[in-house]
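Student: My questions are about this predicted structure, shown below with the sequence.
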Amino acid sequence: MNNNFIKGSVALAVLAALTGCNTSTNDTVAPCTENVCKLTILHTNDTHGRFWHNAENEYGMAAQKTLVDRLRAEAKAAGSEVLLLSGGDVNTGVPESDLQNAEPDFMAMNSIRYDAMAVGNHEFDNPLTVLETQREWAKFPMLSANIYDKASGKRYFDPYKVFKLDNGLKVAVLGLTTEDTAQLVDPNNVKTLEFRDPTSEAAKLGQQIRSNKEADLVFAITHMGHYADGQHGSNAPGDVEMARALPAGTLDGIIGGHSQNPVCMEPSTINKYANFQPGDTCQPDQQKGTWIMQAYEWGKYVGRAQFDYQNGKLTLTSYELIPVNLVKRNAKGEPIDNQGKATSNPALMQFVQDKIEQDPQLLDTLQVYQDKGQQELNVLIGSSDGLLVGDRNSVRNKQTNLGRLITTATTSKLAADFGIVNSGGVRDSIPAGDITYRSVLLVHPFGNTVNKAVLKGSDLATYLGKVATKTRNTGGYAQFGGINMAVDCQAKSVNITSIGGKAFDPAATYSFAIPSFSASGGDGYPKIDTINAGLVDAAVLKEYIEIKKVINVADYQPANEVSYLNSTSSEGCN
């Protein structure tokens with residue numbers, strides 16, 4: 001990556017040359033004609049319940065508040081106005097937050113003074129009654145222009161908000177949510193809602209805002225995902241595809257979320273990601289004059305974009321992803337001390353940048369929530385003699401021992417022949433050693449039920465032809481247990497050799513365990529009728545570990561029972 005990007009006057013000149021000239025129709029605002037109006041946009045996304053710092057004292061919203069307060073003060077001293085925006089997905093990921101419906105997260109966002117957030121798909125992991133409570137907690141608007149109530153035909157959220165800043169600049173912030181939401185959450189939670197095409201909504205509202213002279217600038221906060229060069233695979237189209245499809249000048253910038261990656265592009269090949277590391281400089285994406293930015297995940301970074309606006313021309317003068325107490329790590333990902341040696345002692349770990357102190361008042365507030373969530377989470381339920389692999393990069397790309405453990409547990413509980421779990425429902429690994437209830441809830445934070453399906457062998461082969469060929473690196477990629485088969489990625493078919501240790505018979509009937517989410521059509525799986533036994537996935541896994549007491553990881557290691565043909569990967573379809 002070019003580490004000299006956005007440093008010094010030469011880099012600023014390059015940025016000015018690259019910037020699109022989106023001209024506002026609002027000619028009534030004089031301050032931005034004779035003088036330069038400065039705007040700073042701070043942003044985060046996909047915090048997923050991380051209101052509290054981790055074991056290495058990384059991120060956490062008390063430290064984020066200190067950082068944001070400092071950045072606001074710096075902006076004010078430079079004569080710049082500030083907006084703090086979120087790309088959505090406040091919900092789901094940490095038990096202490098999940099058990100309290102993300103109340104600590106929203107309370108922290110209020111304290112940090114967010115101006116607006118996009119509605120993410122994980123805002124629908126709970127029934128709408130919980131979402132309505134969260135809307136009441138939030139002292140800032142939750143925006144989405146493309147979510148409609150089916151019965152009334154009206155938008156369920158405000159589509160946008162216009163911020164009239166002290167320097168005379170008017171900024172419209174438009175919210176958009178991925179169309180995939182309907183299949184990424186429990187369908188029962190969104191059965192009264194319709195998720196329309198976000199690009200069409202952005203085109204219509206962008207034109208409306210500019211024609212009515214409501215704002216000088218139009219930014220979208222989106223929860224749609226950023227995919228380099230628009231290569232979105234099985235996912236719905238994201239920010240790049242939308243920016244390319246919209247008429248030039250519709251949006252000045254897109255502040256995104258959902259794909260949970262740092263949008264830092266190689267300057268020489270703008271449609272490829274740079275090898276971004278904490279502390280590196282970051283060049284955001286730009287498509288048809290629209291800047292596109294995303295700040296990775298979990299509050300690990302606060303993005304800071306600084307703009308000048310004058311005579312209808314917007315210029316990005318600097319951009320950076322500021323680490324929030326991220327520690328230095330070696331090639332294995334282990335924290336290191338000041339001598340470069342791996343350490344597990346938080347006191348010896350070195351930060352990428354200077355340590356950010358936690359805001360004491362917010363820390364005290366969040367401590368109450370943190371303590372409240374501890375009582376049952378630290379109960380010991382078993383142990384493991386090795387790592388059970390469930391991290392996003394692994395479980396969405398290959399069969400893992402944790403995927404096998406989960407499907408073994410559900411198969412056993414439901415007395416089924418085999419088991420399936422979508423990798424999007426597996427959210428963390430389980431380290432070697434003691435296993436607590438916390439460990440299980442980190443793996444299964446959604447509260448899905450585990451259901452039992454029954455299909456004739458020939459129908460099962462057809463069904464698995466659609467399920468097993470879901471592409472790698474998506475939540476639809478399936479983990480299997482108890483079945484041997486070859487998956488033809490090109491033909492979208494499977495050749496099943498055995499189920500439950502017995503030779504496959506197309507005329508026989510087979511049962512399998514599957515999350516309710518997947519059976520209801522989540523992740524684009526075909527909808528199937530199932531028996532709802534009222535079993536929550538986390539409870540099933542917890543009980544299985546309690547019965548086993550000790551998990552020997554070798555017993556769950558995949559041994560090519562599921563193979564993939566006509567793919568560049570031996571672990572899944574591309």
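Tutor: Thanks, I have the structure now.
Student: separation between residue 295 and residue 528?
Tutor: 38 Å (CB to CB, to the nearest Å). In short, each C-beta sits where N, CA and C put it, glycine included.
Student: Kindly apply the preceding question to residue 361 instead.
Tutor: 51 Å.
Student: quick one: which of the two has more around it?
Tutor: Between residue 361 and residue 528, counted using other CB atoms under 10 Å, the more crowded position is residue 528 (18 against 11).
Student: how about that one, secondary structure?
Tutor: Following DSSP: H, G, I helix; E, B strand; the rest coil, we place residue 528 in the coil state.
Student: List the residues that contact it.
Tutor: Taking CB atoms under 8 Å, 6 or more residues apart in numbering, we find residue 528 in contact with 453, 455, 463, 514, 519.
Student: SS state for the fourth one?
Tutor: Assigned by three-state DSSP, the conformation of residue 514 is strand.
Student: Show the backbone phi and psi for residue 509.
Tutor: Dihedral pair for residue 509: phi -110, psi 140, per degrees, to the nearest 10.
Student: Not counting sequence-adjacent ones, nearest residue to it?
Tutor: Leaving aside its chain neighbours, residue 509 sits nearest to residue 456 (5.6 Å; criterion: CB to CB, 6 or more residues apart in numbering).
Student: got the phi/psi numbers for that neighbour?
Tutor: Phi and psi for residue 456, reported as degrees, to the nearest 10, are phi -70, psi 150.
Student: looking at it, it is touching residue 504, isn't it?
Tutor: No. Using CB atoms under 8 Å as the test, residue 456 is too far from residue 504 to be in contact (11.8 Å).
Student: Between these two, tell me which one has more neighbours.
Tutor: Shown here are residue 456 and residue 504; by other CB under 10 Å, residue 504 has more neighbours (18 against 14).
Student: any idea which element the closest residue to the more buried one other than its chain neighbours lies in?
Tutor: Leaving aside its sequence neighbours, residue 504 sits nearest to residue 496 (CB to CB, 6+ apart; 4.3 Å). Using DSSP states H and E, residue 496 sits within strand 493-499.
Student: Beyond that strand, next helix or strand please.
Tutor: strand 502-503.
Student: Please name the strands paired to that next one in the sheet, noting orientation.
Tutor: strand 493-499 (antiparallel) (DSSP bridges).
Student: re the thing from before, buried set for the strand holding residue 496?
Tutor: By 16 or more other CB atoms under 10 Å, the buried positions in strand 493-499 come out as 493-494, 496, 499.
Student: Please list the residues outside that strand that contact it.
Tutor: 417-418, 457, 460-461, 464-465, 468-469, 482-488, 503-504, 510.
Student: Put the buried members of those residues into a ChimeraX selection.
Tutor: ChimeraX command restricting the contacts of strand 493-499 to the buried ones, with burial defined by 16+ other CB under 10 Å:
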select :417,418,457,460,461,464,465,468,469,482,483,484,485,487,488,504,510
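Student: Excluding chain neighbours, what is closest to residue 256?
Tutor: Computed as CB to CB, 6+ apart, the closest residue to residue 256 that is not its neighbour in sequence is residue 294, at 4.3 Å.
Student: what's the burial count for that neighbour?
Tutor: Neighbours of residue 294 under the rule other CB under 10 Å: 31.
Student: contacting residues around it?
Tutor: 45, 87, 226, 239, 255-257, 259, 261-263, 303.
Student: Sort the residues you listed by pLDDT and name the bottom one.
Tutor: Minimum pLDDT for the contacts of residue 294 is recorded at residue 259 (89).
Student: Give the closest residue to that residue in space, chain neighbours not counted.
Tutor: Among residues not flanking residue 259 along the chain, residue 225 sits closest, at 3.7 Å (CB to CB, 6+ apart).
Student: what do you get for residue 154?
Tutor: Counting by CB to CB, 6+ apart, residue 154 lies nearest to residue 148, which is 6.7 Å off, once chain neighbours are set aside.
Student: pLDDT score for that neighbour?
Tutor: 98.
Student: which secondary structure element contains it?
Tutor: With DSSP H and E as the criterion, residue 148 is inside strand 147-149.
Student: Packing partners of that strand?
Tutor: In terms of contacts (3 or more CB pairs under 8 Å, 6 or more residues apart in numbering; DSSP states H and E), strand 147-149 is packed against strand 193-195.
Student: continuing past the strand it packs on, what's the next helix or strand?
Tutor: helix 198-211.
Student: Show me what the residue nearest to residue 154 bridges to in the sheet.
Tutor: Here residue 148, judged by DSSP bridges, has bridge partners residue 155, residue 194.
Student: circling back to that earlier point, ok, the contacts of residue 294 vs residue 219, which is closest?
Tutor: residue 255 (6.3 Å; CB to CB).
Student: Which of the three states applies to residue 533?
Tutor: Classification of residue 533 by three-state DSSP places it in strand.
Student: ok, how many other residues are close to it?
Tutor: Neighbour tally, residue 533, other CB under 10 Å: 14.
Student: Nearest residue to the middle of the chain?
Tutor: The chain has residue 258 as the residue nearest its centroid, 3.9 Å off, counting by CA atoms, centre = their mean.
Student: what's stretch 161-169 in contact with?
Tutor: In contact with stretch 161-169 (CB under 8 Å, 6+ apart) are residues 29-32, 37-39, 79, 81, 83, 115-116, 141, 143, 170-173, 209, 214-217, 309.
Student: run the last query once more with 10 Å
Tutor: 24, 28-33, 35-39, 76, 79-83, 115-116, 140-141, 143, 170-175, 209, 214-219, 307, 309 (CB atoms under 10 Å, 6 or more residues apart in numbering).
Student: now do stretch 191-198
Tutor: Contact with stretch 191-198 is made by 121, 124, 128, 144-153, 155-156, 174-184, 203, 220, 222-224, 236-239, 242, 245, 520, as judged by CB under 10 Å, 6+ apart.
Student: Helices - which of the residues you listed land there?
Tutor: 128, 181-184, 203, 239, 242, 245 (DSSP state H).
Student: among these, who's most crowded?
Tutor: Neighbour-wise, those (other CB under 10 Å) top out at residue 239, 33 neighbours.
Student: which residues touch that residue?
Tutor: Contact analysis of residue 239 by CB under 10 Å, 6+ apart lists 87, 176, 198, 220, 222-227, 230, 232, 251, 254-259, 263, 285, 287, 290, 292-294.
Student: Out of those residues, which sit inside strands?
Tutor: Of the positions in those, 176, 220, 222-223, 254-255, 285, 287, 290, 292-293 sit in strands, assigned by DSSP state E.
Student: and the gap between residue 61 and residue 370?
Tutor: Counting by CB to CB - residue 61 and residue 370 are separated by 11 Å.
Student: ok, those two, which is more surrounded?
Tutor: For residue 61 versus residue 370, the count of surrounding residues by other CB under 10 Å is larger for residue 61: 29 against 19.
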